[in-house]
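Engineer: Dropping a prediction and its sequence here:
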Amino acid sequence: MKLSLARDVTLTPIETGAVLLDGRRGRYWQLNATGSAILRKLLDGDSPDTLAVLMSEAAPVSRDQAHQDVMDLVDGLSAANLVEVSR
């Protein structure tokens, strides 16, 4: 899976995570630190499976649950037209 920001969407780090600004609609979404870190790693080319392993090693969460959490984030951002996913 390859993830990229949608056209006219910018990602800006903030103290508590990141903000995604949709320049087409003038709307923004705020991500917490975990969501921001996951998105950045996906944009850098890491796979959801790799991130699930890292998350399960860093927090008390199973790999399956971590994978589902990553995919839920991707699905939410995709549904809001903030990212483009190619598989």
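Structural biologist: Looks like it came in fine. Residues are numbered from 1 along each chain as shown.
Engineer: what helix or strand is the closest residue to Gln30 other than its chain neighbours on?
Structural biologist: Among residues not flanking Gln30 along the chain, Val19 sits closest, at 5.3 Å (CB to CB, 6 or more residues apart in numbering). C-beta coordinates here come from the backbone N, C-alpha and C atoms, glycine included. Secondary structure from DSSP states H and E places Val19 in strand 17-22.
Engineer: elements contacting that strand?
Structural biologist: Secondary-structure packing of strand 17-22 (3 or more CB pairs under 8 Å, 6 or more residues apart in numbering; DSSP states H and E): strand 9-14, strand 27-32, helix 33-43.
Engineer: residue contacts, the residue nearest the centre of the chain?
Structural biologist: Using CA atoms, centre = their mean, the residue of the chain that lies closest to the mean C-alpha position is Leu39, 2.8 Å off. By CB atoms under 8 Å, 6 or more residues apart in numbering, Leu39 lies in contact with 3, 11, 18, 31, 73, 77, 83.
Engineer: any idea how far Leu39 is from the residue nearest to Gln30?
Structural biologist: Noted for Val19: a distance of 11 Å to Leu39, by CB to CB, to the nearest Å.
Engineer: go on, Ser62?
Structural biologist: For Ser62, the distance to Leu39 - CB to CB - is 21 Å.
Engineer: go on, Arg7?
Structural biologist: For Arg7 relative to Leu39 (CB to CB), the value is 17 Å.
Engineer: Give the residues shared as contacts by Val19 and Leu39.
Structural biologist: Going by CB under 8 Å, 6+ apart, residues that sit against Val19 and also against Leu39 are 11, 31.
Engineer: can you pull the pLDDT of the closest residue in space to Thr12 that isn't next to it in sequence?
Structural biologist: Leaving aside its chain neighbours, Thr12 sits nearest to Val19 (5.0 Å; criterion: CB to CB, 6+ apart). On pLDDT, Val19 comes in at 98.
Engineer: Please list all residues in contact with Val19.
Structural biologist: 11-12, 28-31.
Engineer: Buried members of the residues you listed into PyMOL, please.
Structural biologist: To isolate the buried ones among those in PyMOL, judged by 16 or more other CB atoms under 10 Å, type:
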select buried, resi 11+31
